[in-house]
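In: please work out how this folds:
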Amino acid sequence: MTAGLVAVVLAAGEGRRLRPLTDLRAKALCPVNNVPLIDRALAAVCRHTPSVAVNCHSHRDQLGEHLDAAAVAIHLSVEEPVALGTAGALGKLRDWIAGRDVLVHNADAYLPAGVDDLVSDWDARHCRLLVTPTPDLADFGRLRYLGACLLPWRLVRRLAPVPSGLYEQLWQDTPDLDLVTTDAVAIDCGTPPRYLRANLHASGGASVIGQGAVVRGELVRSVAWPGARVAPGERLVESIRVGSNLTVEARQQPDW
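Out: Coordinates of the predicted model:
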């Protein structure tokens, strides 16, 4: 545990790139190897602080019901009529944060190694971001932001509850960002192929069958959501099955 630290798990996004899955449930509740993404994020941040907030907008009733049953107390921040973005979400939570530093974790960031390396030995003065090298130009030269960061209160306190992002509000004009580079597995579950990739990593490469799913056909590197049905004679390859007839293809790219 780190004194003077709170955590904010960001779960307000509509998940447009993950549709039609996110038409049915909040992106943060999409299961990875039968564990909702938000539960994975909460487990990571609760290693470092008991004070945790979650923001929500899309499917907020569904998400609120899930968090009510969580093993830890969660401060729920409802954003309406619009989602506020990362910086705006922290601005809305400013009174709750109340002088403490903030560990931010995107709910859709699959980070199986957790955020221990990010938190370790932080000086609490600079913005610290978890990043990974990429061959292409990304967020910071050839480093891609992985959806987890640490922010000092002295910077968070100036954020307003209006739609805005952290890059525009804090990072683009800050020359001394503390970038923690990792080669650990990190997957942004924002698209069906990447969401499937996270499932296959978490399962060790096996297809994932949710609680109550009935699979009488064949699954090949695929996911059957809880309660799904795969009929005899069906063969799903690199796909996600929801219910009896919704199939989302999620073909993997060779470099993923």
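
In: for the nearest residue to residue 214 once chain neighbours are set aside, what are its contacts?
Out: Once flanking residues are discounted, residue 214 sits nearest to residue 229: 5.3 Å by CB to CB, 6 or more residues apart in numbering. Every C-beta, even on glycine, is put in place using the N, C-alpha and C of the backbone. Residues in contact with residue 229 (CB atoms under 8 Å, 6 or more residues apart in numbering) are 213-214, 241, 243-244.

In: tabulate those residues (CSV), appending secondary structure, neighbour count and pLDDT.
Out: Formatted as CSV, the contacts of residue 229 follow (DSSP: H, G, I helix; E, B strand; the rest coil; neighbours: other CB atoms under 10 Å; pLDDT from 0 to 100):
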residue, secondary structure, neighbour count, pLDDT
213, coil, 19, 95
214, strand, 13, 96
241, strand, 24, 96
243, coil, 12, 93
244, coil, 12, 91
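
In: reformat these as TSV; add distance to residue 184.
Out: Listed next are the contacts of residue 229 as TSV, based on distance: CB to CB, whole Å:
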residue	distance to residue 184
213	30
214	35
241	30
243	34
244	37
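
In: just the closest of the residues you listed to residue 202, please.
Out: Ranked by distance to residue 202 (CB to CB), the contacts of residue 229 are led by residue 213 at 16.5 Å.

In: please report how far the closest one lies from residue 227.
Out: For residue 213, the distance to residue 227 under the criterion CB to CB, to the nearest Å works out to 6 Å.

In: residue 197 now?
Out: Using CB to CB, residue 197 is found at 23 Å from residue 227.

In: same question for residue 117.
Out: Residue 117 is 37 Å from residue 227, where distance means CB to CB.

In: what ranges does the stretch 151-256 of the chain have for its strands?
Out: Assignment of strands within the stretch 151-256 of the chain using DSSP state E, counting those that start in this stretch yields the ranges 178-181, 187-188, 208-209, 214-215, 218-220, 223-224, 229-230, 235-237, 239-242, 246-249.

In: Throw those strands into TSV and include distance to residue 128, thanks.
Out: Listed next are the strands of the stretch 151-256 of the chain as TSV, based on distance: least, CB to CB, whole Å:
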stretch	distance to residue 128
strand 178-181	4
strand 187-188	19
strand 208-209	33
strand 214-215	44
strand 218-220	40
strand 223-224	33
strand 229-230	44
strand 235-237	41
strand 239-242	34
strand 246-249	35
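
In: between those, which one is nearest to residue 60?
Out: Proximity to residue 60 (CB to CB) singles out strand 239-242 among the strands of the stretch 151-256 of the chain, at 20.9 Å.

In: ok, and what's touching the closest one?
Out: Residues outside strand 239-242 that contact it (CB under 8 Å, 6+ apart): 21, 24, 192, 195-196, 213, 219, 222-225, 228-230, 247-250.

In: packing partners of the helix or strand of the chain at the bottom of the mean pLDDT ranking?
Out: Ranking every helix and strand in the chain by mean pLDDT, DSSP states H and E puts helix 60-68 at the bottom, with a mean of 88. In terms of contacts (3 or more CB pairs under 8 Å, 6 or more residues apart in numbering; DSSP states H and E), helix 60-68 is packed against helix 37-45, strand 52-56, strand 74-78.
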